[in-house]
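Asker: please find the sequence and the predicted model below.
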Amino acid sequence: KNEVEQSPQNLTAQEGEFITINCSYSVGISALHWLQQHPGGGIVSLFMLSSGKKKHGRLIATINIQEKHSSLHITASHPRDSAVYICAVRSGTDKLIFGTGTRLQVFP
Amino acid sequence: NAGVTQTPKFRILKIGQSMTLQCTQDMNHNYMYWYRQDPGMGLKLIYYSVGAGITDKGEVPNGYNVSRSTTEDFPLRLELAAPSQTSVYFCASSYSGGVTEAFFGQGTRLTVV
């Protein structure tokens, strides 16, 4: 079993829909990261969380430390949100452990 | 601010050839990392460094070498390339471990034939 599990693996949506991507982890962490990877490959950091909730534009990330679970929400989804969303946790002080990613496609 | 810069973006190698993937960052970050990304898998850590002169192995170090002679640069060396090293490679950096943001390069797509 992977230490970081994401669900779903693939997600399709119509433009305007509310989207949720989930991340569960089984190790102690100091921080959790949500990353975005567009076709063409570059990885961009969206959020870094150690507790609570963060919001940036239409993106909201939450984390429940007790339940070892985080969610990434996208409100009013748009085709430009189509990408792979990756959850990663920092366990110990040095290393990031990555989930396998959720591939999101938003259709007009 | 350039952030993390990787070169080259694409490369095709023949089996047995060697090459160096370059990574440089201009944010004065202490921590630097090399990951590989294979289809359907999460990024796997190859090597990392917590400061100039210090390197350590990650999960999948076999077939690779690194050096960290300066804070800015963290090159990854492939000796005797094998088809199993066909992958997308990402360099990343952060100021420290713990609760600090990670910054990624654009990736290098390597094919070994």
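Answerer: Sure thing, it's come through. Numbering: from 1, shown residues only, chains lettered A, B, ... in the order given.
Asker: which phi and psi does residue B:84 have?
Answerer: Dihedral pair for residue B:84: phi -70, psi -10, per degrees, to the nearest 10.
Asker: and it, how many neighbours does it have?
Answerer: 11 (other Cβ atoms under 10 Å in any protein chain shown). Using the backbone N, CA and C atoms, a C-beta is placed for each residue, glycine as well.
Asker: same thing with the one 3 residues further on?
Answerer: Here the neighbour count serves as a burial measure; for residue B:87 (other Cβ under 10 Å) it reads 21.
Asker: what does residue A:105 give?
Answerer: 12.
Asker: tell me which helix or strand of chain A sits lowest on mean pLDDT?
Answerer: The weakest-scoring helix or strand in chain A, judged by mean pLDDT, DSSP states H and E, is strand A:95-98 (a mean of 87).
Asker: now do that strand: which elements does it pack against?
Answerer: Contacts defined by 3 or more Cβ pairs under 8 Å, 6 or more residues apart in numbering or on different chains; DSSP states H and E place strand A:95-98 against strand A:83-91, strand B:44-51.
Asker: just name the most buried of those strands.
Answerer: By mean neighbour count, with neighbours taken as mean count of other Cβ atoms under 10 Å in any protein chain shown, strand A:83-91 ranks first of the helices and strands packed on strand A:95-98 at a mean of 23.
Asker: wait, does that strand contact chain B?
Answerer: Yes - applying Cβ under 8 Å from any Cβ of the partner chain, one finds strand A:83-91 in contact with chain B at A:86, A:88, A:90.
Asker: any residues of chain B in contact with chain A? List them.
Answerer: Counting by Cβ under 8 Å from any Cβ, chain B sits next to chain A at B:31, B:33, B:35, B:40-45, B:48, B:50, B:56, B:58, B:88, B:90, B:92, B:96-107, B:109.
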